[in-house]
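>>> Build the 3D model from these lines:
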Amino acid sequence: LTRPSFCFFSFKSKIINLFTSVDKFAYTTMSSALHEISSETELHYFLLANSSIAIVTFSAHWCGPCQRSKPQLIQLADKSSSIPFAYIPEADQGDFSDEHSIKSFPTYICFKDSVEVERVTGVDLEAVERMVKTHAPSTSVNE
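Numbers count the residues shown, from 1 in each chain. This next block holds a predicted model:
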């Protein structure tokens, strides 16, 4: 007797891994300071999971100002611990950078209920912090 090439247990473990990774994504978006997003699907789920407010940064690995300002962005994300921040490198943006009208890097967009409410273009982290304070619940930003 030969074993069939399709193994139910292998298929079952792949399904379990798929759901585990989706659950892991949902938890890491709530707890990590700056979640790196690598697909349009991840962005969609990130915005759904964080519908009250979310800050998304469209960036580029080759952009010097983007790379120099990333540590300050992480500090702002840490300081604003109850507000989820996401970071999308240009290599992972695909066509959805056009959907969000990204013309330059970095671009910081504030979303409420998955709808853009404000954006900051260029490295201006003071403006990003003001944007966060304007749209966030009053207890969300630590001084």
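>>> Could you measure from Asp78 over to Leu43?
22 Å (Cβ to Cβ, to the nearest Å). Just so you know, the C-beta spots here come from the backbone N, C-alpha and C atoms, and that holds for glycine as well.
>>> between the two, who's got more neighbours?
Leu43 (22 against 12; other Cβ atoms under 10 Å).
>>> and Leu48, what does it touch?
For Leu48, the contact set (Cβ atoms under 8 Å, 6 or more residues apart in numbering) comprises Ser114.
>>> Quickly find the element holding it.
helix 40-49 (DSSP states H and E).
>>> And the next helix or strand past that helix?
Next element after helix 40-49 (DSSP H and E): strand 54-59.
>>> and that following strand, C-alpha only, in PDB?
Extracted in PDB, the C-alpha atoms of strand 54-59 (Å, rounded to 0.1, in the frame of the first residue of the first chain):
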ATOM      1  CA  ALA A  54      -4.800  54.800  13.200                       C
ATOM      2  CA  ILE A  55      -1.700  56.600  11.900                       C
ATOM      3  CA  VAL A  56      -0.100  55.100   8.700                       C
ATOM      4  CA  THR A  57       3.300  56.100   7.400                       C
ATOM      5  CA  PHE A  58       4.100  55.600   3.700                       C
ATOM      6  CA  SER A  59       7.800  55.500   3.400                       C
END
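>>> What mean pLDDT does it get?
Per-residue pLDDT values over strand 54-59 give a mean of 95.
>>> can you list contacts of it?
Strand 54-59 is contacted from outside by 37, 43, 46-47, 66, 70, 73, 77, 80, 83-90, 93, 97, 100, 102, 105-111, 128, 131-132, using Cβ under 8 Å, 6+ apart.
>>> Out of the residues you listed, list just those in strands.
85-89, 107-111 (DSSP state E).
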